[in-house]
Structure formats: structure tokens, C-alpha cells
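Novice: Show me the folded form of this:
(2 chains)
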Amino acid sequence: MLRYALKRLLSLVISLAVASVVIFMVIEVAPGDPAQFMLGLNAQPDTVAALRAELGLDLPKWQRYLSWAGGMMTGDFGMSYTYRTPVSQMIADRMWVSLPLALYALTLSTLIAFPAGIFAAAHRGGPGDVAVMGATQLGVAIPNFWFAMMLVLVFAINLRWFSAGGFPGWDGGVWAGLKALTLPAIAQALPQAAILARVMRSALLDVLGEDFIRTARAKGLSRRQALWRHGVRNALIPVLTIIGLQFAFLLAGAIIIEQVFYLPGLGRLIFQAISSRDLIVVESVVMLLVFAVIVVNFTVDLAYAAVDPRLRNRT
Amino acid sequence: MRGRRNLIAGAMLSAVFVLAALVSFVWTPHDHTTMNIPAKLRLPDSAHWLGTDHFGRDLFSMIMVGARTSIAVALVAVGIGMGLGVPLGLAAAARKGRWIDEFIMRGNDLIFAFPSLVIAILITAVFGAGAVNAIIAIGIFNIPVFARITRGAALSLWERDFILAARVAGKSAARISVEHILPNVGNLLIVQGTIQFSLGILAEAGLSYVGLGAQPPTPSWGRMLADAQTLVSIAPHLALVPGMAIITTVLGLNLLGDGLRDWLDPRLRVART
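Specialist: Numbering: from 1, shown residues only, chains lettered A, B, ... in the order given. Now for the predicted structure:
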């Protein structure tokens, strides 16, 4: 197990290093000089040069990469070009919107998908199964931002149960914050729930075909008991993997949903930074999201191996 | 057979979508760029089958022309994924366990680790918004998908007797890959291609919605939705029409993919029912 964990850890570090180099290089070739952009077209050349020196833009590329990557390891993401505040501070502020939103959506998705998937598997081939599977087909075909618009139309504009967008902050109380995140979370959760329900169903069907289910039935457990005690628990392994992937996806995918609801999260931060050529913010947020995905995958892999020793020998 | 029904329903929905795009080259009910402000925000009627937008443009015509954009972007993105992913997968399988296999698969893992949407946004942001950059951004993420399934299927084929026979006959690994492995993974690639195609349509819509996909005047379903957003309270059909177009198309392609899989691989029929 330790050997496996170390191997995965090494590949985690390599992935992060390569990812950071790729992101840095992509940003490097971006047209437009941030210093020029900040000062406007009429700025004097020596003013621009002075600002470039102040921002460290005149240093060689490898030196700037090292200071960026090295800084991130100590939590120092550098200074925003436009806002003149530490990038880490900006990210931390936005994180308080994006992270709860992702967790909220993930919770909803799981709460919907588990019963739906288990129900469909338990009634395989029946009308209930067909209905659930049909609903999931529809669910994966719906773009979440369109679904978000429809939710706004019905629940915010017509019924007035929720506001159409914006975020009051957590200072106004947890309830107000959660309420503002409810429609965005539902919009993100339903398409994800459709995928998760399908995974749950097929994982459970695989397990239900195993001999130990027959043994459980033979020793006198009812179908329902065998399903819950032995079926669902064993089906959870592939399901948890997908949940891990979905969390990362939800965090990154919130970019578009945040646009629909005008939420001040990481997604809006990225778009603002892109339009104002605040490249250090762009690269830091992207790196952070990639970091989240890689670490979540790593954790899932390890948890997997801890539960199922057979997987440790696979690479 | 439920599978057969999926296949037929999916094929029909997909055909409608492709037909709409093709017909739009020679005929649309109205010119999709002609503005007619007095006739703006009309609900569907006999003159405008799906109504008009805030400039009085005919939505039905815009949907037809928009289908072209969706097809073009998704198709080329699948082409990029297959064109690069399949050879990489074949090479990795032919050299299983060697450094080239290791290199290709680790590269795949790395691309998988990037949140695709974030990178698509990064690419379009850095190199400029537009259909071409959207295609590249979506296409890059198709490469590991095709490489992985090609490798997986090819690995099991390499164990088979007819491949051994070909090796004994003195064929090179490259020739075996092209002549024997590739035809046998074809079905799998068609099914996966259909699925990636539908994902590509969703991705294009998303990128266009945030303004990073096809630029005006190229019509696109995603941008129609973005335009509709501020008007959704007074003219919900502006959002409903493109939304329904996306949903039925993606649904059709997914059903087609599922149906094809069941049809092409009878073994799965038993396992899936």
C-alpha cells in the first residue's frame, strides 16, 4: 500500500509540475502586454517600462515561472495587475461562493441520484426503470446553463421564490446565502444526477449478479435486505469515483453557471481577469482548479486502493 | 427490442438535425440575418414558424443555420480527437508496457486532469474567441478519449490468434495495427464518435453562450441563448427554441450512440437489459 501511495504521489507531483508549465506557457504567448494595457494606449514608453520592471515582467521567462510556481507553494499567488491586491486574497474571497456552490450541487446530485439509481436497478426492466432511464437520457442532454435560465424564469421571475441572481454574502446569515445558491445548485445538480444515477444503476446491476448476493438470498435475506446490505455497499466503489470526478467538474463547471446568476465566484473572477488582461489572476485560478482536480483524483485513487487491495498492483 | 427503438428514434432525430443544416445552405424560410424591427419578438405564427427575436429575425431560419455551426464545430472536434487519438492508442497498444505506451498514457492522464471547460476558456481567451479556437479547445479533449478506448480494445485484440497468425506471417506491428486491429475497433470508434459528437455540441453551445465560441454574424445556438437571457421574462420562446434544439439534437445523438452500441455488439444486449 505504501509503495502504491508513493508511486501515485510521485505521479501527482509530476502532473502538477507539467500542468503548471503548460499553463504558464499558454499565458506567455497571450498577445497584449499587461503593463501597456493597464496604462492605456497613450502612456509614455518609459512609464510602461517602469511598470514592467515593477511587475517583474522584464525578467527572463524561466525566472518568472519559478517565482510564480515557487510563490504558489507558499500560498503567495502574486499581486493582481489591475486590482493591486494579493491574488490569494481575491481567490479566497471568491472561494467562499464557488466551494459551497459545488458542495451544495454535489449533495443535491447525490440525494437525487442514489434513490433513482437504486430504484431503477431494483426494478430492472419494469416501468419504473424505463421511466428513470428515460429521465436520465433527458438529463444528460440538457445544457445546465439553459436549465438555469428556465429555473430563473419559473422560480425567480414568475413565482418570485428566489432572486434571479447575485449573492448577498454569508454575513447576512447562512440561510440567505444558501437561498441565493439554491437555483444555481439545482441547475448544476440535475444533469450530474442523471449521470450518477446511471452509474449507480449499472454498478448495482453488476453487483446483483454476483454469487454472494445469491448466497445472501439463500441464507434467508429478502430481496430488499440483500440489495441494501450487500448490493448497495459494494456498488458504492465505482459510484464514489464518479462523485469525486463530479466534484472537480462542478467546481470548474460553475464558471458558466456563475455567469447566468451573476455570482461573484471563481468563474466570474476568471472572466473579469481575462477581459482586463490580468493574466496572473487567470493563470492562478486555472492552476488552482487543475490542482483541485488532480488532488481529488489522487485521493479517490488512494481511497479505492485502501478499500480494494486488488487495485494496488495496477498502475 | 428497446435497443432497436432507441436506434431508430436516435437516427431520426439526428437525421432531422443534419437535414436542417444541409437544407439551410439552399433554403431557409427567411433570410436569417434580415432584421425587421416592427416584427420583433413575435410568437410562433404562420409567417414565422418559431417566432422572431428582438431584431425581428426569423428564429426557425436561425436554428437551421445554427445547426451548421454546431455540426461543423463538433464534427471537426471529433475528427481531431480520432485523427490523433486513434493512432496514439494503436501505437500504445502495439508497444504495450514500453516507454512509448507509458508516455502516451501518462500524457492522456494529464489532459484528463485539466478541467476541459477551464482550458477551453483559457485557449479561447488567449488566442481569441471564435469557432476555430473553440474547435481546437474541444478537439484536444477528444484525443485522450479516443486514445484510451482504442488502446483498451486493441490490447485485447493483440492476444487473439488471428493477430498471432499475422505476426508469424511476418507483418510489422504497424501493418498489423492498420490492417487487422483498426477494422476491429471501428464499431467502437463509431459509437464513441457519436457520443463525443453530442458532447461537442453541448460544449460549443456553452462556449458560445459565454461569448467565446462562434462570433457574430455566424449564427449559433449558444449565442441565441445568450441573447435571450435578458429578454427571457418578456419573450420566453427566445430561450425555449434554441434550448429545445440543443436538447433534441443531443438526445437524438445519445440514443443513436446507445442504439448503435447495442446493434453492433450483440453481447452487450444481454448484459444491458
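
Novice: where do the helices sit along chain A?
Specialist: A:2-28, A:34-39, A:45-55, A:61-73, A:87-122, A:127-141, A:144-151, A:174-208, A:211-218, A:223-226, A:233-261, A:266-275, A:279-307 (DSSP state H).

Novice: Quick one: those as CSV, columns for distance to chain B too.
Specialist: Where you see a C-beta, it was placed from the backbone N, CA and C, and this is true even at glycine. As requested, the helices of chain A are exported to CSV (distance: least, C-beta to the nearest C-beta, whole Å):
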stretch, distance to chain B
helix A:2-28, 6
helix A:34-39, 13
helix A:45-55, 19
helix A:61-73, 16
helix A:87-122, 12
helix A:127-141, 4
helix A:144-151, 4
helix A:174-208, 8
helix A:211-218, 17
helix A:223-226, 19
helix A:233-261, 3
helix A:266-275, 4
helix A:279-307, 5
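
Novice: distance between the ends of stretch B:162-180?
Specialist: In stretch B:162-180, first residue to last residue: 9 Å (C-alpha to C-alpha, to the nearest Å).

Novice: Buried residues, it. List them.
Specialist: B:163, B:166, B:171, B:173, B:176-177, B:180 (16 or more other C-beta atoms under 10 Å in any protein chain shown).

Novice: For chain A, what is the nearest residue in the stretch 1-150 of chain B?
Specialist: Residue of the stretch 1-150 of chain B nearest chain A, by C-beta to the nearest C-beta: B:Pro115 (3.2 Å).

Novice: hmm, back to that, could you dump the buried residues of stretch B:162-180 into JSON lines and include pLDDT?
Specialist: Output for these, formatted as JSON lines (pLDDT from 0 to 100):
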{"residue": "B:Ile163", "pLDDT": "87"}
{"residue": "B:Ala166", "pLDDT": "89"}
{"residue": "B:Lys171", "pLDDT": "88"}
{"residue": "B:Ala173", "pLDDT": "87"}
{"residue": "B:Ile176", "pLDDT": "90"}
{"residue": "B:Ser177", "pLDDT": "89"}
{"residue": "B:His180", "pLDDT": "89"}
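
Novice: hang on, the earlier thing: how much space separates the closest residue to the residue of the stretch 1-150 of chain B closest to chain A other than its chain neighbours from A:Leu279?
Specialist: Leaving out its chain neighbours, the residue that sits closest to B:Pro115 by C-beta to C-beta, 6 or more residues apart in numbering or on different chains is A:Ala252, at 3.2 Å. Using C-beta to C-beta, to the nearest Å, A:Ala252 is found at 19 Å from A:Leu279.

Novice: which of those two has more neighbours?
Specialist: Set A:Ala252 next to A:Leu279 and count neighbours by other C-beta atoms under 10 Å in any protein chain shown: A:Ala252 wins out with 26 against 21.

Novice: In this structure that one contacts A:Val293, no?
Specialist: Yes: here A:Ala252 reaches A:Val293: they are 7.0 Å apart, a contact under C-beta atoms under 8 Å.

Novice: Overlap in contacts, the two.
Specialist: Residues touching both A:Ala252 and A:Val293 by C-beta atoms under 8 Å, 6 or more residues apart in numbering or on different chains: B:Pro115.

Novice: quick one: contacts for residue 185?
Specialist: With no chain named, the answer covers chain A. By C-beta under 8 Å, 6+ apart, the neighbours of A:Ala185 are A:101, A:104-105, A:108.

Novice: that's the wrong chain, I meant chain B
Specialist: Neighbouring residues of B:Val185 by C-beta under 8 Å, 6+ apart: B:86, B:149-150, B:153-154, B:157.

Novice: What about the residues you listed, which are in helices?
Specialist: Judged by DSSP H, these include B:86, B:149-150, B:153-154, B:157 as members of helices.

Novice: Can you tell me which residues in the stretch 151-273 of chain B are near chain A?
Specialist: B:198, B:202, B:205-206, B:209-210, B:225, B:228-229, B:232-233, B:236, B:239, B:242-243, B:246-248, B:250-251, B:254-255, B:273 (C-beta under 8 Å from any C-beta of the partner chain).

Novice: Can you tell me which of these are buried?
Specialist: Of those, these count as buried by 16+ other C-beta under 10 Å: B:198, B:202, B:205-206, B:209-210, B:225, B:228-229, B:232, B:236, B:239, B:242-243, B:246-247, B:250-251, B:254-255.

Novice: Below-threshold pLDDT in chain A: ranges please.
Specialist: Applying pLDDT under 70 to chain A flags residues A:31-32, A:309-315.

Novice: Go ahead and confirm B:Leu251 touches A:Thr136.
Specialist: No: in this structure, B:Leu251 is not within contact of A:Thr136 by C-beta under 8 Å, at 11.1 Å.

Novice: What degree of burial does A:Leu55 show, as a neighbour count?
Specialist: Neighbourhood size, A:Leu55 [other C-beta under 10 Å]: 17.
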